[in-house]
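1. Pasted the sequence and its predicted model underneath.
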Amino acid sequence: MSSTTARVDAPTGAASDPRPLLAEALDRFTGEHVELRYHRKRTRTVAVERGRVDQARANERTGVGVRVLADGALGFATTTSLDAASLRAALDEATLAARASSAAGVPRRSPPPATELAVGRFEASGVDEVASRPLGEAVELALRLEARARAASVRVTSATCAYNEILEEKGIVTSDGASAWTRLVRPELRLGAIASADGALQRGARSIGATGSWECLFRGASAEALVDGVARMAVDLLGAGFPEAGRRKVLLSPALVGLLAHEAIGHTVEADFVRSGSCAAGKLGQRVASELVHLCDAGASPYQDHASGLLHVDDQGVATTEVEIIRAGVLMSYLHDRESAAHFGVAPTGNGRAWEFDDEPLIRMRNTFVRPGATPLAEIIAGIQDGLMLDGASNGQADANGEFMFGTLQAWPIRNGKVGPLQRGVNISGLAFDVLSTVDAVSSDFSWELGAGYCGKGQPAKVDAGGPWLACTMLVGSRA
């Protein structure tokens, strides 16, 4: 049964900069350290299936999170009122919570060491353009694309189109000097089609996302080209065979490289997981991959603009940096917030992130990627005698040991340097560091591919991941 709900949109213009009010609240603070984080988040979502609008809604949450270090313990409180009295009350509440924790004997914390903190205004492109678009334009887009997918072939029996956008404004002030104001918007689109023939069903799917305007969202291909590709994928897979299973040479697409980088490597190097015993613990300075592998995590969007994890300032007031996790196959760094950086005796990397104002910051990735190499894709393919070219991140899982299993949507055999006809997707699995050690070719192109994705770790986080095409060896599971 379809349903359509709506809430009244907030004004599209920017809220006034709350930093002066937040700074004023610090005047009566008596603890060891404090962070005040104003966060306004507006989301708008549209979902269409079988020519019907199943969802069209807008929502907004605004408030301030207050985190206090007092008597060697942390306390956290929130308020949805942006006025001096409410902020002072939240500060008092967080301070009382910290002192209660200290009295209960929690391990003592020290104030974070001095570090470079962000000061000023930071704004990504596209905020006003997306904010000023009526929700009806997104409904019209979703209806048009879903109808186009169903009309692409008589074999397409159903289609879906979902649009979502997140507009965020943040003000972050800390007692040791951070004073940052950020604005950004992240639109995303998900397309799906189901094709059937003789009782068999196949699915085509594509998701895209960006930080920026609608123009940025469709920077790689038009909306029409994307939906045509999804319908064609579903139909073509109906007649596709199955690849051979076993330990095989594979050529991973940028989407699968990004999935591997984020899920199987990125989480293992988040410093809180490292301290809990992930497979990356104790391996700094050790070779964990082929010398062709350079793996990074960045708040910026290198190689291609408008990655969905774009972040100028983290939620502890630290300006984001590019972290070289693996350099030429050697593990060089973990990902840190201010607390873990102090524990390891290094500078924070700007990876402390909170989903909403009433969430406390956790160590999270931003844009995780493998750097491109110097070899054209065609040259890599020509050098493969027997392998599989894989694309389309489907589903899967990874753990703290770096062990992963991912599904793929499409596969093409490579024989004697030539790409064969489409085959159905396979499951790929292995230990991430072992697989990266087999990398023998990295292409010269690059793209961000997981921009419509969310990372889950107690709370969501908007991230992106990608890279070049990458040739390696891993275990392939197939119905063949």
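-> Yep, it's here. Because the structure is a prediction, the values reported are computed rather than measured.
2. Can you spell out which helices and strands pack onto the host helix or strand of residue 57?
-> Element membership of residue 57 [criterion: DSSP states H and E] is strand 52-70. In terms of contacts (3 or more Cβ pairs under 8 Å, 6 or more residues apart in numbering; DSSP states H and E), strand 52-70 is packed against strand 33-49, strand 73-79, helix 84-103, helix 135-151. C-beta: built from backbone N, CA, C; applies to glycine.
3. buried residues in that strand?
-> For strand 52-70, burial by neighbour count (16 or more other Cβ atoms under 10 Å) applies to 53-56, 58, 62-70.
4. can you check stretch 408-421 too?
-> For stretch 408-421, burial by neighbour count (16+ other Cβ under 10 Å) applies to 408-414.
5. any residues touching it, and which ones?
-> 203-205, 233, 237, 240, 243, 251, 256, 381-394, 422-428 (Cβ atoms under 8 Å, 6 or more residues apart in numbering).
6. Buried subset of the residues you listed as a PyMOL selection?
-> Selection command for PyMOL covering only the buried members of the contacts of stretch 408-421, criterion 16+ other Cβ under 10 Å:
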select buried, resi 203+204+205+233+237+240+243+251+256+381+384+387+388+389+390+391+392+393+394+422+423+424+425+426+427+428
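7. now, which of the contacts of stretch 408-421 lie within strands?
-> Per DSSP state E, strands hold the following members of the contacts of stretch 408-421: 203-205, 251, 386-394, 423-424, 427-428.
8. thinking again about what came up before, which of the buried residues of strand 52-70 lies closest to residue 33?
-> Checking the buried residues of strand 52-70 against residue 33 by Cβ to Cβ gives residue 69 as the nearest, at 4.0 Å.
9. Just name the most buried of the helices and strands packed on strand 52-70.
-> Highest mean neighbour count among the helices and strands packed on strand 52-70 (mean count of other Cβ atoms under 10 Å): strand 33-49, with a mean of 22.
10. gap between it and the chain center?
-> The chain centre lies 15 Å from the centre of strand 33-49; the measure is Cα atoms, centre = their mean, to the nearest Å.
11. and that strand with strand 52-70, angle?
-> Strand 33-49 and strand 52-70 meet at an angle of 170 degrees, taking axes from the mean of the first three to the mean of the last three Cα atoms, to 10 degrees as the criterion.
12. one step back: Serialize the helices and strands packed on strand 52-70 to TSV and add fields for mean pLDDT and distance to residue 341.
-> As requested, the helices and strands packed on strand 52-70 are exported to TSV (pLDDT from 0 to 100; distance: least, Cβ to Cβ, whole Å):
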stretch	mean pLDDT	distance to residue 341
strand 33-49	97	14
strand 73-79	97	16
helix 84-103	95	21
helix 135-151	97	40
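13. These: which one's closest to residue 169?
-> Residue 169 lies closest to strand 33-49 among those, at 4.5 Å (Cβ to Cβ).
14. Strands along the stretch 301-450 of the chain, start to end?
-> All strands of the stretch 301-450 of the chain, identified by DSSP state E, counting those that start in this stretch, fall at 323-327, 330-331, 352-353, 362-363, 367-370, 386-398, 403-415, 418-419, 423-424, 427-431, 441-442, 447-448.
15. tell me which strands and helices the fifth one is in contact with?
-> Looking back up the chat, that one is strand 367-370. helix 254-259, strand 295-298, strand 464-467.
16. Please enumerate residues in contact with the longest one?
-> Okay, so that is helix 254-259. If you take Cβ under 8 Å, 6+ apart as the criterion, helix 254-259 is touched by 368-370, 390-393, 396, 406, 408, 428, 445-450, 464-470.
17. same question, the second one
-> Residues lying outside strand 295-298 but in contact with it, judged by Cβ under 8 Å, 6+ apart, are 261, 265-266, 289, 302, 320-326, 335, 349, 351, 365-371, 436.
18. Please repeat the previous calculation with a cut-off of 6 Å.
-> Identification of contacts with strand 295-298 by Cβ atoms under 6 Å, 6 or more residues apart in numbering yields 261, 322-326, 335, 365-370.
19. What subset of those is buried?
-> Those of the contacts of strand 295-298 that meet the buried threshold are 261, 323-326, 335, 365-370, by 16+ other Cβ under 10 Å.
20. Can you tell me which of the residues you listed lies closest to residue 191?
-> Comparing the buried ones among the contacts of strand 295-298 against residue 191 with Cβ to Cβ places residue 367 closest, at 22.5 Å.
21. Could you pull up the residues touching that closest one?
-> 298, 307, 309, 464.
22. redo that, cut-off 7 Å
-> 297-298, 301, 307, 309-310, 463-465 (Cβ atoms under 7 Å, 6 or more residues apart in numbering).
23. Distance check, it against residue 327.
-> Distance, residue 367 to residue 327, using Cβ to Cβ, to the nearest Å: 17 Å.
24. Can you give me the domain boundaries for the chain?
-> Listed by automatic domain parsing, the domain ranges of the chain are 19-238, 246-477.
25. Comparing those domains, which comes out most buried?
-> It is domain 246-477: most buried of the domains of the chain by mean count of other Cβ under 10 Å, with a mean of 21.
26. Identify the residue nearest residue 433 in space, chain neighbours excluded?
-> Leaving aside its sequence neighbours, residue 433 sits nearest to residue 288 (Cβ to Cβ, 6 or more residues apart in numbering; 4.5 Å).
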